[in-house]
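>>> Turn this into a model:
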Amino acid sequence: MTDLIQREIISLEDSDVLLICETVPIDGDDSNMDIVSFSSVSDHNIQDIPLINIEIPKNHTENELICDWNVDEYRNAFEPDVHWEMRRSFMVQYKNKIPESELVALAQAFVNTEVFGAVYCEEVTAKLELLGESIAKQYRMFKSKTPKRITARATEAVHDWMKHRSESLKAAERKDQAIQLLGPVFTVTTVEDIFRNYVLLDDNLEESGREFEKLGCGWFVHDVWRNDQKLWEATCTVAGFLLSKAVGPLKKSRQKCTEELLKLFRKKCYKIRVNHNRCWDGYNVERLEVSEDLDMRGNPFDCRLRLPLAAKDQLKEDNVGYRLLRKLGWGGGPLGKHQVGIVDPIEVQAKRGRRGLGLPQLSLRSDGSGLQTPSNNASYLDQLDLSKTSFRIDVGFYRDLMRNFKAKRLGYDLIFSSEFTETERALLTKIATDLDLQCTTITYDYEHYQFVLMKHRVSPHDLLIKIIVENHPIYSTLYTVEPPEDDLERHNKILELCSK
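Sure, this is the predicted structure:
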């Protein structure tokens, strides 16, 4: 504790309470901060505040203003010191520029807007913002460093004060306790340890079991054999503990054993469900277009690097289009006055299938998730020479975006807009491959394709911490957490630690 602590004993009916007023560090900084009194904006340093040039009314020149009036006479007996210092500073700063009656009204209106949130007409509001900018900045700085009053029981407050335990330190300790209650137990000795380590993901026992085994605390073992009565017996053993068992025909015994295990985990373990609420055209990365052609590295594109025409694609001298272009002054190469136009003739493709004109005819395969992934994307990428292709997107921005995505190890997908062309998606795939990132292309209607950067794998317990303890806005939207039905006491304890 610093010397700035103020202590006050208040007698209540139940017990005495010690009120401690201490500086609260911002953003978890435990360093001590000095309390800045707003008296710094008084007449002994008011000259340091820069004056704002304002327009003097035509009927009142600077020589006509009466400046010998006393500012302190306008102090109200019920007015707090901070509010008066703001009003007084405002009047002192513009005493020689604005008539007395108008200045007193403006000073009061300024305090009303800054402190109480009052709203005036547009003209008055603009004038107050212009005149009171420097004073308002001082006041906001003062508010950010104002001590915060914390109410606690006398014995606890005295103990914290003597041990120099600040409120921010206590909040960090409570967060650590909540994380420990949510974290796994790496040495499994009881069945309760298994239920604490196991997190049920979308009611999928196999995926949840693989995540459990990654903790290194045991294995999932499913066994089926014939017993002495010639019946099939199915069992599930987790970390050496038998959790479910069923006897009967082969198929029914397996199904019943799985159902009993799933029912048990639903009652005893945390459950995480993915919110499948994304529309087919939903995305979180937009297409940023630039005004000039760029190469695959983001540098200005050199038109001389364009692919030369193949012999079979070149226009012959007996071609009608060739003769017309010659008459118009074309001497070969790219079209246009500055020779930056197209080089290859416009290709005519045969229309096959029932898709719209201009849409690529791709063969598709399902990946089992309801999305459709182009199966020949890799072959198309191999055939395309990106080094001799120009792009109209901000290549450098997307490369930096992918680098940050990899560095932050984010646990959600980056879904790009469907406005990216097929060539641009090929470039994005090349950038992601060079950065060793997993990516794919998805579609819901065989017409709109979207490039997706696959999320970094986040363990189930880390997801619980991000959602329950940290209340992460993105993860809380992507996932829904359900507490164990038979262990609500532990869950309520975690919520209590996070809410303080």
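>>> and Val82, what helix or strand is that in?
Using DSSP states H and E, Val82 maps to helix 81-93.
>>> Mind checking what helix or strand follows that helix in sequence?
helix 100-116.
>>> So which bits of that next one are buried?
By neighbour count with 16 or more other CB atoms under 10 Å, helix 100-116 contains the buried residues 103-104, 106-114. In this view, the C-beta of every residue, glycine as well, is placed from N, C-alpha and C.
>>> hmm, back to that, what are the buried residues along the helix holding Val82?
Result for helix 81-93 [16+ other CB under 10 Å]: buried residues 82-93.
>>> same check, this time on stretch 165-174
166-168, 174.
>>> how close does Asp436 sit to Ile442?
21 Å (CB to CB, to the nearest Å).
>>> quick one: which of the two has more around it?
Between Asp436 and Ile442, counted using other CB atoms under 10 Å, Ile442 has the larger neighbour count: 21 against 7.
>>> tell me the secondary structure for that one?
For Ile442, the secondary-structure state derived from DSSP: H, G, I helix; E, B strand; the rest coil is strand.
>>> Assess the claim that it and Val452 are in contact.
Yes - if you go by CB atoms under 8 Å, Ile442 and Val452 touch, sitting 5.6 Å apart.
>>> In terms of secondary structure, what does the helix holding Val82 contact?
Secondary-structure packing of helix 81-93 (3 or more CB pairs under 8 Å, 6 or more residues apart in numbering; DSSP states H and E): helix 100-116, helix 133-144.
>>> hey, least reliable of those helices by pLDDT?
Mean pLDDT per stretch puts helix 133-144 lowest among the helices and strands packed on helix 81-93, at a mean of 85.
>>> Show me what counts as buried in that one.
134-136, 138-139, 142.
>>> Ok, stretch 482-489 next?
By neighbour count with 16+ other CB under 10 Å, stretch 482-489 contains the buried residues 483-484, 487.
>>> What segments of the stretch 101-250 of the chain are helices?
Under the criterion DSSP state H, counting those that start in this stretch, the stretch 101-250 of the chain contains helices at 122-131, 133-144, 154-162, 167-182, 191-197, 205-213, 250-268.
>>> and of those helices, who's closest to Leu328?
Smallest distance to Leu328 across the helices of the stretch 101-250 of the chain (CB to CB): 58.8 Å, for helix 122-131.
>>> how far off helix 100-116 does that closest one point, in degrees?
If you take axes from the mean of the first three to the mean of the last three CA atoms, to 10 degrees, helix 122-131 sits at 80 degrees to helix 100-116.
>>> Point out the other helices and strands that helix 122-131 packs with.
Applying 3+ CB pairs under 8 Å, 6+ apart, we find helix 122-131 packed against helix 100-116.
>>> could you give the angle of the helix it packs on to helix 133-144?
Using the same axes, to 10 degrees: helix 100-116 against helix 133-144 is 30 degrees.
>>> Alpha carbons only: can I get helix 100-116 in PDB?
Extracted in PDB, the C-alpha atoms of helix 100-116 (Å, rounded to 0.1, in the frame of the first residue of the first chain):
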ATOM      1  CA  GLU A 100     -19.400  37.900 -18.300                       C
ATOM      2  CA  SER A 101     -23.000  36.900 -18.600                       C
ATOM      3  CA  GLU A 102     -22.400  34.700 -21.600                       C
ATOM      4  CA  LEU A 103     -19.200  33.100 -20.100                       C
ATOM      5  CA  VAL A 104     -20.900  32.200 -16.800                       C
ATOM      6  CA  ALA A 105     -23.700  30.400 -18.700                       C
ATOM      7  CA  LEU A 106     -21.200  28.600 -21.000                       C
ATOM      8  CA  ALA A 107     -19.100  27.500 -18.000                       C
ATOM      9  CA  GLN A 108     -22.100  26.000 -16.300                       C
ATOM     10  CA  ALA A 109     -23.300  24.300 -19.500                       C
ATOM     11  CA  PHE A 110     -19.800  22.900 -20.000                       C
ATOM     12  CA  VAL A 111     -19.800  21.300 -16.500                       C
ATOM     13  CA  ASN A 112     -23.300  19.900 -17.100                       C
ATOM     14  CA  THR A 113     -22.300  18.200 -20.400                       C
ATOM     15  CA  GLU A 114     -19.000  16.800 -19.100                       C
ATOM     16  CA  VAL A 115     -20.100  15.700 -15.600                       C
ATOM     17  CA  PHE A 116     -23.800  15.000 -15.900                       C
END
